[in-house]
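Visitor: compute the structure for the input listed below.
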Amino acid sequence: MEPLQIFTYPEQILLKPANPLQNITGETQQLIDRMAETMYAAPGVGLAAVQVGVDQSLIIYDVAPKDEKRNLQVLINPRIIHAEGTTISENEGCLSVPDFRSDVKRAAAVIVEGFDREGKPVRFERDDFLAVVLQHEIDHLDGILFIDRISALKRELYKRRVKKRLKAA
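Guide: Numbers count the residues shown, from 1 in each chain. I've put the predicted structure just below:
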């Protein structure tokens, strides 16, 4: 299987909220497997369906250290139902915002609800690196990129650089 194309800013699919996933089908399972292959190849720790051009509320992630066994997790229609505190996610990056990293203010702890790949309800609380990954990926499903959470000046500098690169192409 070939990895999927990762859409990058300013692709429109990244800038609007994703539609909820209504039914988990064989096609959904295939999408999850292809997204996992794409995420690992990139390499990344999380990927939202919108990043590969699929308008569905679905994320995958794996924060296991590279030298440990892979631990792919799937969340369908995830929602942050509670967030508290603040932390700075240092040097945050995104596969859809290539060649740019920045510190991002995030909630320190979150409670997330959604469904696993079999459709079973899941709910958990996190206050670690995974809390940041979940916020980042769920933001994608809401049409928010991490650059929307940084200073206007840094964001404008990045957008100008992208426009310049697109004109040159």
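Visitor: looking at the chain, which strand is longest?
Guide: If you go by DSSP state E, the chain has its longest strand at strand 73-84.
Visitor: who does the helix or strand that it is followed by pair up with?
Guide: The first helix or strand that comes after strand 73-84 along the chain, using DSSP states H and E, is strand 87-94. Strand pairing for strand 87-94, determined by DSSP bridges: strand 97-106 (antiparallel).
Visitor: tell me which residues of the strand it pairs with are tucked away?
Guide: Going by neighbour count (16 or more other C-beta atoms under 10 Å), the buried part of strand 97-106 is 97, 100, 102, 104, 106. For glycine as for every other residue, the C-beta is placed from the backbone atoms N, C-alpha and C.
Visitor: just the pLDDT at Met1, thanks.
Guide: pLDDT recorded at Met1 is 72.
Visitor: could you say which helix or strand holds the residue nearest to Asp148 when sequence neighbours are not counted?
Guide: Nearest-residue entry for Asp148: Arg155, 7.2 Å, with adjacent residues in sequence omitted and distances by C-beta to C-beta, 6 or more residues apart in numbering. Secondary structure assigned from DSSP H and E places Arg155 in helix 152-168.
Visitor: tell me what that helix is packed against?
Guide: Of the remaining helices and strands, those touching helix 152-168 by 3 or more C-beta pairs under 8 Å, 6 or more residues apart in numbering; DSSP states H and E are strand 97-106.
Visitor: run a quick neighbour tally on the residue nearest to Asp148.
Guide: Residues lying near Arg155 (other C-beta atoms under 10 Å) number 17.
Visitor: quick one: buried residues of the longest strand of the chain?
Guide: The neighbour-count criterion (16+ other C-beta under 10 Å) identifies 73-78, 80 as the buried residues of strand 73-84.
Visitor: ok, which pair from these is furthest apart?
Guide: Val74 and Ile80 (16.7 Å; C-beta to C-beta).
Visitor: ok, back up a step: pipe the buried residues of strand 73-84 into TSV and attach distance to Glu37 and pLDDT per row.
Guide: Output for these, formatted as TSV (distance: C-beta to C-beta, whole Å; pLDDT from 0 to 100):
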residue	distance to Glu37	pLDDT
Gln73	15	97
Val74	14	98
Leu75	18	98
Ile76	18	98
Asn77	22	98
Pro78	21	98
Ile80	27	98
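Visitor: of these, which is the nearest to Asp127?
Guide: Ranking the buried residues of strand 73-84 by separation from Asp127, with C-beta to C-beta as the measure, puts Ile80 on top at 12.9 Å.
Visitor: that'll do, ta.
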